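> I would like to see how this sequence folds:
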Amino acid sequence: MMVNYFLSTVRYEKTMENGLNKTVSEQYLFDALSFTEAEARTIEELKPYISGEFSIPQIVKPRISELMLSEDVSADRYYKIKVSFITLDEKSGAEKKTNSFILVQASDFKNAYDRFIEGMKGTMADYEIVSIVETQILDYYPAKYDEK
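Next up is the predicted model:
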């Protein structure tokens, strides 16, 4: 089954550590089949954690081709790695670069790099890392589909 990633931005009033209320926007990544399902899952998953009203001002389909998750509890951040896969054009002999974005769950920048390199070990394709950027994503909610 083809899974699509959706990035939901949730806006709500959060009580800060100093006791003051502040309007915050947070991002969460969901597996869903449609924008409608992504919105419904955002509400379902976050309602228990947010007291009061909240809104979902934006849901987008991020350019992510793969997700590398971690079992490590300290891996509480998500890094977006832009990678160029290098192929050779058979006819012209010219190099062609195709960019791809891979999201890596990690504890810090170095851990994200190491996990990406480890995850790419079996890959036959030539590639180069273009950039590694920490995202604002707070959590990932995988799909919950019955195998029917």
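> what about the strands in the chain?
Along the chain, counting by DSSP state E, strands occupy 4-15, 21-32, 54-60, 66-68, 77-88, 95-106, 126-134, 137-141.
> can you list the domains in the protein?
According to automatic domain parsing, the chain comprises the domains 4-62, 66-135.
> Which of those domains sits closest to Lys144?
Nearest to Lys144, of all the domains of the chain, is domain 4-62, at 8.3 Å by C-beta to C-beta. For glycine as for every other residue, the C-beta is placed from the backbone atoms N, C-alpha and C.
> Show me the beta-bridge partners of Glu66.
Beta bridges link Glu66 to Ile102, judged by DSSP bridges.
> got a list of what it touches?
By C-beta atoms under 8 Å, 6 or more residues apart in numbering, the contact set of Glu66 is Ser100, Ile102, Leu103.
> So which of those residues is the closest to Ile132?
Of all the contacts of Glu66, Ile132 sits closest to Ile102, with 9.9 Å by C-beta to C-beta.
> Show the pLDDT at the closest one.
Per-residue confidence (pLDDT) for Ile102: 96.
> What's the separation between it and Glu118?
Going from Ile102 to Glu118 by C-beta to C-beta, to the nearest Å gives 12 Å.
> Equivalent analysis for Tyr140, please.
Tyr140 is 19 Å from Glu118, where distance means C-beta to C-beta.
> who has more neighbours, the two?
Set Tyr140 next to Glu118 and count neighbours by other C-beta atoms under 10 Å: Tyr140 wins out with 15 against 10.
> Give the burial count for the residue nearest to Thr42 when sequence neighbours are not counted, as a bare number.
Computed as C-beta to C-beta, 6 or more residues apart in numbering, the closest residue to Thr42 that is not its neighbour in sequence is Ser8, at 4.2 Å. Neighbour count for Ser8, taken as other C-beta under 10 Å: 25.
> Then Ser100?
Summarising burial for Ser100: neighbours were counted as other C-beta under 10 Å, giving 16.
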